[in-house]
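In: Dropping the sequence and predicted coords here.
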Amino acid sequence: MIRTMAVVGTGLIGTSIGLAVSRHGVRVHLLDKDEVAARTAAALGAGVLGAPDESADLAVIAVPPGAVGAVLARMQARGLARTYTDVASVKAQTARDIWKSGGTSASYVGGHPLAGRERGGPLAARADLFEDRPWVLTPSETTSQDAVNRVFEMIALCGAIPAIMGDRAHDDAVALASHAPHVVASLMAARLEHGSRASFRLAGQALRDVTRMAVRDTELWNDILQANAPAVAGVLRELRDDLTTLMATLDDLSTAPLDARGQTLEPMVDLLNRGAAGLAAIQERQVADRQTYVEVLVPEGPGQLVRLLDVLRTLHVEQEDAVPRYSAQDDTLSLVFAVPPVRAGQIVRELGGAGWNAESVSPDPVSVARKTADESPERAGRAADQFHVA
């Protein structure tokens, strides 16, 4: 059982880990070369300043990828903890750096929590940052089972979902899922540097969505992109090929006569269709990964559905993740949503305690609800009118 931990690096991730495990009675020791950051994290309740008098059960190295190897070697040499993990978003290069720096692999478990925010630093930290988020572990062949078990325990305290992957498989996956999207957001944001005042006045949600993840901590992201350059380049190369096709199509459209534009449009239509298919694929995969379903009855009366949606947001269930379900037999409307199994019981209890009629249901009622809505749109419409859905 983890009783003591050390967190080396008190930025967003390190401070959030401290906040999360401190809630469960773990004594966390905070170390950072930036004294202001460390004191801020301590003032937030993430732990106490300074190294422990004896080796901690677990130390988290929460520094940029390029620094993990050297920092880990120093912490192991001073005996800071019995087990070590990190939070770097690149694992293959990190493993090589650890080997070069003389770090001991038996007590080290590579780690990467896939969680974050647009802002960094300890003031952006949240105790619930990792809840229901994947947390990848990349143990080596020489990593001890005791070390893996300790990191698993920390992940459970943070409310995250562990996954085991190889270093290279992880790096290829995050190149597509995280690193390349950040680069694309930055490329789009760079177009705004000399944008016209008219463009800024017309900026709406689309622009905010596309640029939301533009890189702010350029030093960190220079480090990340250097460490994962081959995988990120592969994703961007495929993106470049699609952009080249789209640009050629748009150039042709600008000169083609109106009666010939049907054939010219085909490459662009194909690209947009593939984009829609990709979005649908990841949404379906996310639902498939959440195999416990909760159904909540919507009471009759104006504003009840809106009130329920507000409550669900406090439980980290977003409006777009819920599907309405209408029972013609009972003449009732309910909302159905999928959540990780570890959260279903808690959500049902919290909703019940607040006066809502909620229960876990199976088999998959989400597809049933969608099928009902597709087959009987007029009934769904009547139900929406009845409950004053905005």
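Out: Alright, I've got the coordinates.
In: my guess is Ala41 meets Gly14, correct?
Out: Yes: contact criterion C-beta atoms under 8 Å: Ala41 and Gly14 qualify, at 7.2 Å. In short, each C-beta sits where N, CA and C put it, glycine included.
In: Now the common contact residues for these two.
Out: By C-beta atoms under 8 Å, 6 or more residues apart in numbering, Ala41 and Gly14 have these common neighbours: Val7, Leu30, Asp32, Pro122.
In: pLDDT added to the residues you listed, as JSON lines?
Out: Listed next are the shared contacts of Ala41 and Gly14 as JSON lines, based on pLDDT from 0 to 100:
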{"residue": "Val7", "pLDDT": "98"}
{"residue": "Leu30", "pLDDT": "98"}
{"residue": "Asp32", "pLDDT": "96"}
{"residue": "Pro122", "pLDDT": "96"}
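In: Just the buried residues from those, in PyMOL please.
Out: The PyMOL selection below is limited to those of the shared contacts of Ala41 and Gly14 classed as buried (16 or more other C-beta atoms under 10 Å):
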select buried, resi 7+30+32+122
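In: ok, so of the shared contacts of Ala41 and Gly14, who is nearest Val136?
Out: When the shared contacts of Ala41 and Gly14 are ranked by distance to Val136 (C-beta to C-beta), Val7 comes first, at 18.7 Å.
In: which helices and strands does the helix or strand hosting that closest one pack with?
Out: For Val7, the host element (DSSP states H and E) is strand 4-8. Where contact means 3 or more C-beta pairs under 8 Å, 6 or more residues apart in numbering; DSSP states H and E, strand 4-8 is packed against helix 12-22, strand 27-31, strand 58-61, helix 65-77.
In: For the helix or strand following the second one, what is the distance to the chain centroid?
Out: Taking DSSP H and E as the definition, the helix or strand that follows strand 27-31 towards the C-terminus is helix 35-44. When C-alpha coordinates are averaged (C-alpha atoms, centre = their mean, to the nearest Å), helix 35-44 and its chain have centres 25 Å apart.
In: Show me what whichever helix or strand comes after helix 35-44 packs onto, helices and strands only.
Out: Of the helices and strands lying after helix 35-44 in sequence (DSSP H and E), the nearest is strand 48-49. With contacts taken as 3+ C-beta pairs under 8 Å, 6+ apart, strand 48-49 sits against strand 27-31, helix 35-44.
In: For strand 48-49, what is the distance to the chain centroid?
Out: 28 Å.
In: Quickly run through the sheet partners of that strand, with directions.
Out: Strand 48-49 pairs in its sheet with strand 27-31 (parallel), by DSSP bridges.
In: Would you mind listing the buried residues in the partner strand?
Out: Neighbour counts over strand 27-31 (16+ other C-beta under 10 Å) mark Arg27, Val28, His29, Leu30, Leu31 as buried.
In: a markdown table for the residues you listed, including distance to Asp86?
Out: Putting the buried residues of strand 27-31 into a markdown table (distance: C-beta to C-beta, whole Å) gives the following:
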| residue | distance to Asp86 |
| --- | --- |
| Arg27 | 21 |
| Val28 | 16 |
| His29 | 17 |
| Leu30 | 16 |
| Leu31 | 14 |
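In: What average pLDDT does the helix or strand encompassing Leu312 get?
Out: If you go by DSSP H and E, Leu312 is part of helix 304-314. Across helix 304-314, pLDDT averages out at 93.
In: pull the CA atoms of that helix into CSV?
Out: Provided in CSV are the C-alpha atoms of helix 304-314 (Å, rounded to 0.1, in the frame of the first residue of the first chain):
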residue,chain,number,x,y,z
GLN,A,304,-36.7,19.2,-15.8
LEU,A,305,-34.5,18.0,-18.7
VAL,A,306,-32.4,21.2,-18.6
ARG,A,307,-32.0,20.7,-14.8
LEU,A,308,-31.0,17.1,-15.3
LEU,A,309,-28.4,18.0,-17.9
ASP,A,310,-26.9,20.6,-15.5
VAL,A,311,-26.6,17.9,-12.8
LEU,A,312,-25.0,15.5,-15.3
ARG,A,313,-22.4,18.1,-16.2
THR,A,314,-21.3,18.2,-12.5
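In: Return the set of buried residues in that helix.
Out: Neighbour counts using 16+ other C-beta under 10 Å place Gln304, Leu305, Leu308, Leu309, Leu312 of helix 304-314 among the buried residues.
In: Cool, thanks, signing off.
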